[in-house]
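**Student:** whatever this is, show me its structure:
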Amino acid sequence: MKKVLFSNRPIATDLGLLMLRLASGGIMAYSHGWGKLQKMLSGDMSFADPIGVGEEASLILTVFAEFVCGILVALGLFTRAALVPLIITMLVAVFIVHADDPFSKQEFGLLFLIPYITIFLAGPGKFSLDKKLG
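**Tutor:** Residues are numbered from 1 along each chain as shown. Sure, this is the predicted structure:
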């Protein structure tokens, strides 16, 4: 236990990356993506169009990023590729959708953006399906 908590050894780093992936990917998929997926499956395609691709396309892209890519990140499967849509979605949320809002509205997007960039740079760690698949 001492080695895990007070060491810079790879096991501590890999456990930290696992926790970061599970939390940021899982919360994104469940808390944000699941509701939008249900909305889309019910046939309600109304959604904000912050980058001008149309409401339906914006909803589909957001569901893909938040739900599908969120699950992939949590699993550590195709992690870096799955992070690209999530990073783009959070950048759009923070700097376009909530650009004129107070910081309290931008904060949630930033609280996802920072871990996503961190995982992208550090990789998914050894406790990931990416590592198992080689």
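
**Student:** so how far is residue 62 from residue 89?
**Tutor:** From residue 89 across to residue 62, the span is 6 Å (Cβ to Cβ, to the nearest Å). (Glycine included, C-beta is placed from N, CA and C.)

**Student:** those two: which is more packed in?
**Tutor:** residue 89 (25 against 22; other Cβ atoms under 10 Å).

**Student:** shouldn't residue 40 be in contact with residue 63?
**Tutor:** Yes: judged on Cβ atoms under 8 Å, residue 40 makes contact with residue 63 at a distance of 5.5 Å.

**Student:** between the two, which has more neighbouring residues?
**Tutor:** Between residue 40 and residue 63, counting by other Cβ under 10 Å, residue 63 is the more crowded of the two (22 against 17).

**Student:** what pLDDT is listed against that one?
**Tutor:** Looking at residue 63, its pLDDT stands at 98.

**Student:** report all helices and strands that whichever strand or helix holds it contacts.
**Tutor:** For residue 63, the enclosing helix or strand under DSSP states H and E is helix 55-63. Judged by 3 or more Cβ pairs under 8 Å, 6 or more residues apart in numbering; DSSP states H and E, helix 55-63 is in contact with helix 34-41, helix 79-92.

**Student:** helices and strands around the helix or strand just after it, which ones?
**Tutor:** Toward the C-terminal end, the helix or strand that comes next after helix 55-63 (DSSP H and E) is helix 70-75. In this structure, helix 70-75 makes packing contacts with helix 10-27, helix 79-92, judged by 3+ Cβ pairs under 8 Å, 6+ apart.

**Student:** can I get these in TSV with mean pLDDT?
**Tutor:** Output for the helices and strands packed on helix 70-75, formatted as TSV (pLDDT from 0 to 100):
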stretch	mean pLDDT
helix 10-27	94
helix 79-92	97
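
**Student:** need those in a markdown table (columns: distance to residue 34).
**Tutor:** Conversion of the helices and strands packed on helix 70-75 to a markdown table gives the following (distance: least, Cβ to Cβ, whole Å):
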| stretch | distance to residue 34 |
| --- | --- |
| helix 10-27 | 11 |
| helix 79-92 | 15 |
